[in-house]
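> Sharing a model prediction with you, sequence too.
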Amino acid sequence: MPKGYLLQFNLLDSNPMQTVDTIDTWDKPIGTGALLLAPDDKIYFARAYESQSAFFTYPYADSMRNYINENLSVINEPDSLGVKCDYQPFSFYLGGKRTYYGLPNNPNYELGPLLGSPCDTLSAGLTPALSKGEGAMQCTYISAWEKLYVNASGLKGKNVTVSIYDGRGSLMFEVQSLKSNAGYFTLDVDCGGWSAGLYVVHLETDKEQLSKKFIKE
């Protein structure tokens, strides 16, 4: 009996368990590893070579190279059913490298700035970081009152816009055409009805942009 199966479920079906396709089966020395959806919308499948002569698969001997551990399998059209998913076993050559059971989670470092995002791209593309002694902002959330207090100092600009985004980047609150007073600005925001989670406050004037995060519990 095969030790491994690659199954496809139709998640659009009312009962996916009744519409299962067996895309592939295998036995030793082919191991069963991870599947990962890649940015190119293909699913990559890693499988180790489980040598019959070695007690442990890891680490491979330098001479242990073959079509199993030097290639990944690929599902080219994962949204298509059955043979139309274009499953190609051991079709992606690793350039002389070898695979075991896992696949890396590689972030996309080419993403541009996303205003309101809680990730590290938040400040990319904005004005340069302010040096010590220039504008600063504090955001204090009081859970008992469900209120956020925004306080800024050292502002150079006069006209102030405050925007608040949730963790998905959706705009939750925005107020424009406010004024700073001698470099100071304060605002309280009613957060009642907002879901618990991470939020980003973005303050912008005609001279600077500041961002802070806060958590609503």
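Cool, the structure landed. Numbering: from 1, shown residues only.
> gap between stretch 56-70 and the chain center?
32 Å (Cα atoms, centre = their mean, to the nearest Å).
> Quick one: mean pLDDT for that stretch?
Mean per-residue pLDDT for stretch 56-70: 88.
> residue ranges of the strands in this structure, please?
Under the criterion DSSP state E, the chain contains strands at 4-9, 20-26, 35-37, 43-45, 71-75, 87-93, 136-142, 147-153, 159-166, 171-179, 185-190, 197-204, 209-216.
> The closest residue to F92 other than its chain neighbours and L187: what is the separation?
Leaving aside its chain neighbours, F92 sits nearest to L72 (4.2 Å; criterion: Cβ to Cβ, 6 or more residues apart in numbering). Bear in mind the C-beta positions are built from the backbone N, C-alpha and C, glycine included. Distance of L72 to L187, given as Cβ to Cβ, to the nearest Å: 52 Å.
> Compare these two (neighbour count), which wins?
The neighbour comparison of L72 against L187 (other Cβ atoms under 10 Å) goes to L72, with 22 against 16.
> Do I have it right that that one meets Y44?
Yes. Counting by Cβ atoms under 8 Å, L72 does reach Y44; the two are 4.9 Å apart.
> any residues touching stretch 48-58, and which ones?
Under the contact criterion Cβ atoms under 8 Å, 6 or more residues apart in numbering, stretch 48-58 has outside partners 28-31, 33, 60-61, 64, 66, 68-69, 99-101.
> tell me which of those residues is nearest to P39?
Closest approach between the contacts of stretch 48-58 and P39, by Cβ to Cβ: T99, at 18.9 Å.
> What is the burial count for the nearest residue to G157 once chain neighbours are set aside?
Closest residue in space to G157, ignoring its immediate chain neighbours: T205 at 2.5 Å, by Cβ to Cβ, 6+ apart. Counted with other Cβ under 10 Å, the neighbours of T205 add up to 20.
> State the distance from T205 to Q8.
Taking Cβ to Cβ, one finds T205 at 54 Å from Q8.
> my guess is K3 contacts R47, does it?
No. K3 is beyond contact range of R47, at 11.4 Å (criterion: Cβ under 8 Å).
> Can you tell me the number of residues neighbouring the closest residue to A34 other than its chain neighbours?
Leaving aside its sequence neighbours, A34 sits nearest to L103 (Cβ to Cβ, 6+ apart; 4.6 Å). Residues lying near L103 (other Cβ under 10 Å) number 16.
> same question, D40
Residues near D40, counting by other Cβ under 10 Å: 9.
> Would you mind giving the domain segments of the protein?
Using automatic domain parsing, the domain parsing of the chain gives 4-93, 120-216.
> Compare the ones you listed and say which comes out lowest on pLDDT.
Of all those, domain 120-216 has the smallest average pLDDT, which comes to a mean of 84.
> Return the distance of it from the chain's centre.
Distance, centroid of domain 120-216 to centroid of chain: 24 Å (Cα atoms, centre = their mean).
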